[in-house]
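> The sequence and its predicted three-dimensional model are supplied below.
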Amino acid sequence: ATDRLAAPVYDDRLRVLAKLWTLQSHFSEVLGHTELADRLRRQSLSLLEEPELADQDTRAEKAHLFRLMGHRAIHTDPKKSRQLLEQSLALYEDLGDPWETANTLRALGRSAWLASDYAEMRQRFQQSLAIFRSLGDPDGISSVIWWFSMIAFLQGEAEKAEQLARESLAIQTDRFSLANGLKGLANTLVLSGKYTEAHSLYEEALAIFTDLGVRHQIDVIVPAYQSWAKMGLGLYEQAHAQAAEALEVARQVRSWRDIGWTLLVLGSIALVEGAYTEAQCLLQESIAAYQETEKRDELAWALACAGYAARGSGQPAQARRHLCEALRIGVEIGAFMPLITALPAVALLLADAGGTARGEPERTVELYALASRHPYVARSRWVEDVAGREIEALAATLPPEVVAAAQERGRARDLWATVEELLAELGG
């Protein structure tokens with residue numbers, strides 16, 4: 001179509017050509033041809049700004065182009081991404097196009113996810129969902145429900161996250177959405193400690209994405225998440241191989257969030273191996289990558305793991321700083337994963353001589369019981385290897401009735417209130 005439009009036959013040839021280049025850029029990016037996609041978008045934007053089109057209404061073409069450019073920039077330049085998506089939204093609202101407005105609101109919700117702004121995520125997705133419902137669009141409804149599942153996941157509401165993910169899957173009508181839904185459901189199952197089932201769903205999602213040719217999902221997203229599930233199962237060698245391959249591709253496309261995530265996985269695996277210096281290097285690089293984005297929940301997650309590495313390297317003061325920062329960010333934005341990851345490490349610090357002024361082993365057992373109340377911790381081989389066995393060995397030195405009482409107190413605690421107490425105590 002673009003070849004035929006090269007000849008000046010049609011009155012609106014340039015506008016249609018710009019639209020086609022935009023569409024072509026989208027599928028080029030999906031297939032992994034990012035340089036071609038970027039070039040086609042530059043061509044399209046340049047064409048839309050030609051003087052010949054000054055008297056034509058190109059708002060729809062520009063709005064679509066800005067949204068795709070915003071999607072492209074979401075992991076490389078978050079501020080630019082937000083700016084482009086806001087421009088797209090303003091144009092679609094001006095055009096009075098409800099379906100495209102809903103799509104762009106959903107994209108802005110995704111941008112808020114990258115900024116770890118859960119309140120804005122909820123607001124954007126509620127606006128998008130209301131429009132999709134009014135239009136009776138099942139795919140749009142399904143995709144937004146999927147994102148509400150993600151909000152529940154981020155806040156540690158495992159049952160709600162799984163229920164919403166299954167609700168989204170039940171109304172999906174196309175294979176791409178099915179694969180995305182399977183991946184999302186797998187994420188919620190990891191949060192519930194159902195690592196084996198999650199691993200299987202990642203495999204299903206990967207098979208569909210592979211058949212469709214969605215390169216970034218095939219090369220980076222699904223393998224990176226699956227390596228996380230494999231950590232929970234104790235399949236560290238496999239997890240390392242997958243995360244390392246995904247990291248290589250993420251570096252090529254400068255996707256900072258994916259770089260941060262894969263380095264977080266690799267650093268976490270190094271902790272299990274007792275390679276604390278290597279873990280510190282990987283996790284510091286992960287932290288630096290996350291600082292290129294606004295994704296503070298995963299930044300805090302990386303800080304929590306860096307706390308384990310610093311403790312293992314005999315740096316208790318540094319460990320406390322990392323853990324306090326992880327807990328502080330987690331409480332500030334309402335993120336569950338940094339808290340539940342950091343808590344066993346804080347429990348270990350409390351047991352260390354000189355780690356804190358109050359080093360009673362009973363409190364270590366109590367805090368670990370609180371963390372273990374959550375299946376993500378209780379069923380994780382990784383947590384057992386980096387913290388659980390050491391705390392269990394400590395508990396074995398105490399009278400059984402003391403351990404039982406401490407565990408009962410821990411299970412009765414509220415996670416968020418306990419973290420606030422620890423921050424006050426540790427100077428966070």
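Happy to help now that I have it.
> Provide the secondary structure category for D57.
The three-state label given to D57 by DSSP: H, G, I helix; E, B strand; the rest coil is coil.
> What values do phi and psi take at it?
The main-chain torsion angles of D57 are listed as degrees, to the nearest 10 and equal phi -80, psi 100.
> residues contacting it?
Contacts here follow C-beta atoms under 8 Å, 6 or more residues apart in numbering; on that basis D57 touches nothing. C-betas here are computed from N, CA, C, even on glycine.
> Distance of it relative to L84?
As judged by C-beta to C-beta, to the nearest Å, D57 and L84 stand 20 Å apart.
> go on, Q238?
Taking C-beta to C-beta as the criterion, Q238 is separated from L84 by 38 Å.
> More neighbours: the two, which one.
When Q238 is set against L84 and neighbours are counted by other C-beta atoms under 10 Å, the residue ahead is L84, at 23 against 15.
> any idea what sits nearest the more buried one, other than its immediate chain neighbours?
G70 (3.6 Å; C-beta to C-beta, 6 or more residues apart in numbering).
> Now the one helix or strand that neighbour maps to: buried residues?
With secondary structure defined by DSSP states H and E, G70 is part of helix 59-73. Judged by neighbour count (16 or more other C-beta atoms under 10 Å), helix 59-73 contains these buried residues: 61-73.
> coming back round to it: OK, contacts around the residue nearest to L84?
Taking C-beta under 8 Å, 6+ apart as the definition of contact, the neighbours of G70 are K80, S81, R82, Q83, L84, L85, S88, A107, S111.
> cutoff 7 Å now
With contact set as C-beta atoms under 7 Å, 6 or more residues apart in numbering, G70 has these partners: S81, L84, L85, S88, A107.
> Now the strand or helix carrying the third one: buried residues?
In this assignment (DSSP H and E), L85 forms part of helix 78-95. Residues of helix 78-95 classed as buried by neighbour count (16+ other C-beta under 10 Å): P78, S81, R82, L84, L85, Q87, S88, L89, L91, Y92.
> Stretch 326-337 now?
Taking 16+ other C-beta under 10 Å as the neighbour-count basis, stretch 326-337 is seen to contain the buried residues A326, L327, R328, I329, G330, V331, I333, G334, A335, F336, M337.
> so what does the helix or strand harbouring A424 touch, helix or strand wise?
Taking DSSP H and E as the criterion, A424 maps to helix 415-426. Contacting helix 415-426 under the criterion 3 or more C-beta pairs under 7 Å, 6 or more residues apart in numbering; DSSP states H and E are the following elements: helix 316-333, helix 336-351.
> Could you list the low-confidence segments of the stretch 251-400 of the chain?
Applying pLDDT under 70 to the predicted model, the residue ranges of the stretch 251-400 of the chain that meet it are 353-359.
> for it, what spans make up the helices?
Taking DSSP state H, counting those that start in this stretch as the test, the helices found in the stretch 251-400 of the chain are 256-272, 276-290, 296-312, 316-333, 336-351, 361-372, 375-378, 381-383, 389-395, 400-412.
> Out of those, flag the one nearest D211.
helix 256-272 (22.1 Å; C-beta to C-beta).
> from the chain's centre, how far out does the closest one sit?
For helix 256-272, the distance between its averaged C-alpha position and the chain's averaged C-alpha position is 13 Å (C-alpha atoms, centre = their mean, to the nearest Å).
> Can you give me every residue that contacts the closest residue to G232 other than its chain neighbours?
Here the nearest residue to G232 in space, its sequence neighbours aside, is Y195; by C-beta to C-beta, 6+ apart that works out to 4.0 Å. For Y195, the contact set (C-beta under 7 Å, 6+ apart) comprises A229, G232, L233, R379.
> Let me have the residues you listed in JSON lines, extended by distance to A246, secondary structure and neighbour count.
Putting those into JSON lines (distance: C-beta to C-beta, whole Å; DSSP: H, G, I helix; E, B strand; the rest coil; neighbours: other C-beta atoms under 10 Å) gives the following:
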{"residue": "A229", "distance to A246": "13", "secondary structure": "helix", "neighbour count": "23"}
{"residue": "G232", "distance to A246": "17", "secondary structure": "helix", "neighbour count": "23"}
{"residue": "L233", "distance to A246": "18", "secondary structure": "helix", "neighbour count": "17"}
{"residue": "R379", "distance to A246": "24", "secondary structure": "coil", "neighbour count": "18"}
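> Pick the one among those closest to L164.
The shortest separation between L164 and any of these is 19.4 Å, and it belongs to A229 (by C-beta to C-beta).
> Give me the buried positions along the helix or strand hosting A198.
Following DSSP H and E, one finds A198 within helix 195-212. Residues of helix 195-212 classed as buried by neighbour count (16+ other C-beta under 10 Å): Y195, A198, H199, L201, Y202, E204, A205, L206, I208, F209, L212.
> ok, the last one to L299 distance?
To tie it back to what came earlier, the one meant is L212. The separation that L212 has from L299, given C-beta to C-beta, amounts to 32 Å.
> just checking, L201 touches L182?
Yes - counting by C-beta atoms under 7 Å, L201 sits close enough to L182 to count as a contact (4.9 Å).
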